[in-house]
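Asks: Have a look; sequence and predicted model below, questions after that.
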Amino acid sequence: MPCILVIVPAFNEENSVGNVVRDIPAELVDEVVVVNNNSNDQTAVEAARAGATVLDEPIQGYGRACLRGITYAQNRQQKPDIVVFIDADYSDYPGEMTALVAPILSNKADMVIGSRALGHRQRGSMTPQQVFGNWLATTLLRWLYGVRYTDLGPFRAIRFESLLALNMQDKTYGWTVEMQLKAAKQGMRIMEIPVSYRKRIGFSKISGTIKGTVLAGYKIITTIFKYL
């Protein structure tokens, strides 16, 4: 069996991170790594209690947390074959990870994006600004890079060697779009599969505030133009 490592960036998700870890198919993955991104609650405790390996990234930033997880994977004695990223807020369904990695396991893709636009989305699980932002970003990616995406969903799987080849740099909100546009530029085999999406547990630090929404939108747009 290929070695699958799951990276879960987490900031103040004590009420949900345990559910995420416990719902990940144990027979599928080798290790679940929760990156505690400067939380001031019991996120690290709950993640460890659920069986995850917990790392600390004291400087806040979604991309920073993901990069911390990648560094851990590189230093692992057994390098992973596939890395899966999933958020800690329990809005995605970890049980759908089996379908997410299937195209990579069958050698049909190098990267698979879980698309909320193609799947079943619970009413109210995404704000109108999130829906519009996804549409705008994917439209720009199609116009500027010639690649068709329907979503910038955080639930995704990628071959580890492909992930390293992307040389990921973004440390905050531009992480997902950087990965998708670089994969397109490098000619990787990319697939989207429908995934389900529900209302998150707790309050969103990005889409839940005007400041977070504006900063995230600005970073995503500037990242798209940065790599032209």
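Replies: Received the coordinates, thanks.
Asks: tell me, what residue is most central in this structure?
Replies: By CA atoms, centre = their mean, the chain has its centre lying nearest to Pro154, at 3.1 Å.
Asks: Now it. Nearest residue, chain neighbours left out?
Replies: Distances taken as CB to CB, 6 or more residues apart in numbering put Asp87 closest to Pro154, at 4.8 Å, once the chain neighbours are dropped. Placement of C-beta: from N, CA and C, glycine included.
Asks: element containing the residue nearest to the centre of the chain, please.
Replies: Under DSSP states H and E, no helix or strand contains Pro154.
Asks: What mean pLDDT does whatever helix or strand Val101 lives in get?
Replies: Val101 belongs to helix 97-105 when elements are defined using DSSP H and E. For helix 97-105, mean pLDDT is 98.
Asks: And that helix, what's buried?
Replies: Buried positions in helix 97-105, judged by neighbour count with 16 or more other CB atoms under 10 Å: 97, 100-101, 103-105.
Asks: Need the contact partners of that helix.
Replies: For helix 97-105, the surrounding residues in contact (CB atoms under 8 Å, 6 or more residues apart in numbering) are 2, 4, 6, 24-25, 28-29, 82, 84, 86, 109-112, 114, 155-159, 191, 193, 195.
Asks: and it, how far from the chain's centre?
Replies: Put simply, helix 97-105 sits 15 Å off its chain's centre (CA atoms, centre = their mean, to the nearest Å).
Asks: residue ranges of the strands in this protein, please?
Replies: Using DSSP state E, the strands assigned to the chain run over residues 4-10, 31-36, 53-56, 82-85, 111-115, 156-159, 190-194.
Asks: what angle separates the first one from strand 31-36?
Replies: Comparing the axes of strand 4-10 and strand 31-36 via axes from the mean of the first three to the mean of the last three CA atoms, to 10 degrees yields an angle of 20 degrees.
Asks: Just want the angle from strand 4-10 to helix 97-105.
Replies: Going by the same axes, to 10 degrees, strand 4-10 makes 130 degrees with helix 97-105.
Asks: I'd like the distance from strand 4-10 to the chain centre, please.
Replies: Worked out by CA atoms, centre = their mean, strand 4-10 lies 8 Å from the chain centre.
Asks: What residues of the helix or strand of the chain with the lowest mean pLDDT count as buried?
Replies: Here the helix or strand of the chain ranked lowest by mean pLDDT, DSSP states H and E is helix 210-226, holding a mean of 85. Neighbour-count burial for helix 210-226, with 16+ other CB under 10 Å as criterion, is recorded at 213, 216-217, 219-221, 223-224.
Asks: Out of those residues, flag the one nearest to Ala137.
Replies: The closest of the buried residues of helix 210-226 to Ala137 turns out to be Ile220 (CB to CB; 5.4 Å).
Asks: The closest one touches Phe132, doesn't it?
Replies: No: applying CB atoms under 8 Å, one finds Ile220 not in contact with Phe132, separated by 11.8 Å.
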